[in-house]
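Q: Sequence isn't available, so here's the structure alone:
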């Protein structure tokens, strides 16, 4: 009888604990808080955990009949925390088991501030049964967020969970690999477009493979557009052109920008771009494109037979049908793509500073001691003509008196006095 009573009591306690664990698991999956602000019997809101237990008790006969002692109810805040820890250990063991089978995984760590302490949140990313999974692994208190402390804490968490030593540690640094990602495009910032083009060219093989794996209609369409000789040609062309303008883009953002120097820099960029409007550069670009396409097994452009649309034979057409130029050879790419783009960019740059007289800018620059043309008389004459309009039509020029002739020379300041004759 004693043994039978003990077995019955054990079974009853297990059934009771099953319900406690079920409520704990449900609240954990939903991400709901457990404790209430006031869990006393007279409190109108004792928290989610106790509220769920009371709700089950209203409809379940077992909980209504079960009357455990006060120290065996497992509903106190301490017991709730113990249940949460047990569930966390079970979840962590499943994650560790999947990571062990995967063998290779990535670790992500970030700061998670608490009101009392600095904490490090450690997450892992791995592949399990063909699916990519990201799981939270641990939350550890850390005193310092320097690189060494973070690395030590990550390794400690790996060891605490019985995982193997980190594989490929410091491999990225040894191989000299750099993180490459696409940059969000901007309609007004050419530097963003240059970085995006460079990223696409560096990861072209991975992008094509990724689009093939995705297999959606949009991905298939994107891959078809990218898997073309003309597309690679355009990427290399814009990379070369935008690389020339990148220096000017950065120069124009300087806080100490000199208008005359900006004009000179713009002229130099235009001259460089005009040099790309040549058969030699077009041939070099075409050969470079062929080499890159051969690397990624992209077919060379070939002449396509154009079929006449028979359905339009009996109609009088005032516009051409199907006459779009195919970019299928070096001459066509040069004539229809490279040269128009270069001419357009040169034209856009020529419009910059077009309202400012180049001679006036050089005259202003001649007033600066830092300029190579400092106190250049021809340049200062241009400046004098601008500020003396009544002398512009005269036969004589302006007379320039320099500081050293009047005793105005100073080691820090220079004054140029422009006087009429």
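A: Received, thanks. The shown structure was predicted, so the numbers you read here are calculated from the model rather than taken from an experiment. Residues are numbered from 1 along each chain as shown.
Q: Can you read off the pLDDT for the closest residue to residue 20 other than its chain neighbours?
A: In space, and not counting its chain neighbours, residue 20 is closest to residue 74: 5.2 Å by C-beta to C-beta, 6 or more residues apart in numbering. (Glycine included, C-beta is placed from N, CA and C.) The model reports residue 74 with a pLDDT of 81.
Q: you'd agree residue 74 is up against residue 86?
A: No - with contacts counted by C-beta atoms under 8 Å, residue 74 stays clear of residue 86, the gap being 11.2 Å.
Q: Looking at the two, which is more packed in?
A: Higher neighbour count among residue 74 and residue 86: residue 74, with 19 against 12, using other C-beta atoms under 10 Å.
Q: thinking again about what came up before, for the residue nearest to residue 20, what are its contacts?
A: Going by C-beta atoms under 8 Å, 6 or more residues apart in numbering, residue 74 touches 16-17, 20, 83.
Q: ok, residue 276 to residue 284 distance?
A: For residue 276, the distance to residue 284 (C-beta to C-beta, to the nearest Å) stands at 10 Å.
Q: Quick check: the gap between the residue nearest to residue 20 and residue 66.
A: 12 Å.
Q: Find residues that contact each of the two.
A: Listed as contacting both residue 74 and residue 66 by C-beta under 8 Å, 6+ apart are residue 16.
Q: Would you agree residue 142 is in contact with residue 149?
A: Yes - using C-beta under 8 Å, residue 142 is in contact with residue 149, at 6.0 Å.
Q: Compare those two (neighbour count), which wins?
A: Using other C-beta under 10 Å as the criterion, residue 142 and residue 149 rank with residue 142 on top: 17 against 13.
Q: So which residues of the protein form strands?
A: 105-113, 118-128, 131-141, 399-401, 417-419 (DSSP state E).
Q: mind checking how far the first one is from the chain centre?
A: Read it as strand 105-113. 19 Å (C-alpha atoms, centre = their mean, to the nearest Å).
Q: related to what we said a few turns ago, who's more crowded, residue 276 and residue 284?
A: More crowded of residue 276 and residue 284, by other C-beta under 10 Å: residue 276, with 21 against 13.
Q: My guess is that one contacts residue 241. True?
A: Yes - at 6.8 Å, residue 276 counts as touching residue 241 under the criterion of C-beta under 8 Å.
Q: shared neighbours of these two, anything?
A: Common contacts of residue 276 and residue 241 (C-beta under 8 Å, 6+ apart): residue 342.
Q: so where's the longest helix in the chain?
A: The longest helix of the chain (DSSP state H) is helix 2-30.
Q: Give the other helices and strands that that helix contacts.
A: If contacts are counted by 3 or more C-beta pairs under 8 Å, 6 or more residues apart in numbering; DSSP states H and E, helix 2-30 sits against helix 48-59, helix 61-65, helix 77-102.
Q: Now render these as JSON lines, adding distance to residue 253 and mean pLDDT.
A: Formatted as JSON lines, the helices and strands packed on helix 2-30 follow (distance: least, C-beta to C-beta, whole Å; pLDDT from 0 to 100):
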{"stretch": "helix 48-59", "distance to residue 253": "54", "mean pLDDT": "86"}
{"stretch": "helix 61-65", "distance to residue 253": "70", "mean pLDDT": "84"}
{"stretch": "helix 77-102", "distance to residue 253": "46", "mean pLDDT": "87"}
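Q: Relative to residue 256, which of these is closest?
A: For those, proximity to residue 256 was assessed by C-beta to C-beta; helix 77-102 is nearest, at 53.9 Å.
Q: For the closest one, buried residues please.
A: Within helix 77-102, the residues that count as buried by 16 or more other C-beta atoms under 10 Å are 79-80, 83-84, 87, 92, 95-96, 98-99.
Q: swap in stretch 274-294?
A: For stretch 274-294, the neighbour count (16+ other C-beta under 10 Å) marks 276-277, 281-282, 285-286, 289-290, 292-293 as buried.
Q: try stretch 294-302
A: 298, 301.
Q: For residue 51, list the residues it contacts.
A: Residue 51 makes contact with residue 45, according to C-beta under 8 Å, 6+ apart.
Q: Pull up the gap between it and residue 75, please.
A: From residue 51 to residue 75 the distance is 11 Å (C-beta to C-beta).
Q: One more: residue 380?
A: Counting by C-beta to C-beta, the gap from residue 380 to residue 75 is 93 Å.
Q: likewise residue 126?
A: Computed as C-beta to C-beta, the residue 126 to residue 75 distance reads 37 Å.
Q: so what's residue 20 up against?
A: By C-beta under 8 Å, 6+ apart, the residues touching residue 20 are 53, 74-75, 83.
Q: Same list (these) but as a markdown table, adding distance to residue 200.
A: A markdown table is the format used below for the contacts of residue 20 (distance: C-beta to C-beta, whole Å):
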| residue | distance to residue 200 |
| --- | --- |
| 53 | 57 |
| 74 | 58 |
| 75 | 59 |
| 83 | 51 |
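Q: now, among these, which is nearest to residue 27?
A: residue 83 (9.9 Å).
Q: That closest one and residue 50, how far apart?
A: For residue 83, the distance to residue 50 equals 13 Å [C-beta to C-beta].
Q: Likewise for residue 287?
A: Distance from residue 287 to residue 50, by C-beta to C-beta: 76 Å.
Q: what do you get for residue 373?
A: Distance of residue 373 to residue 50, computed by C-beta to C-beta: 86 Å.
Q: same thing with residue 330?
A: From residue 330 to residue 50 the distance is 79 Å (C-beta to C-beta).
Q: Please apply the same query to residue 337.
A: 72 Å.
Q: One more: residue 142?
A: With distances taken as C-beta to C-beta, residue 142 is found 34 Å from residue 50.
Q: Same question for residue 98.
A: 34 Å.
Q: same deal with residue 43?
A: Distance, residue 43 to residue 50, using C-beta to C-beta: 9 Å.
Q: okay, and the common contacts of these two?
A: residue 36.
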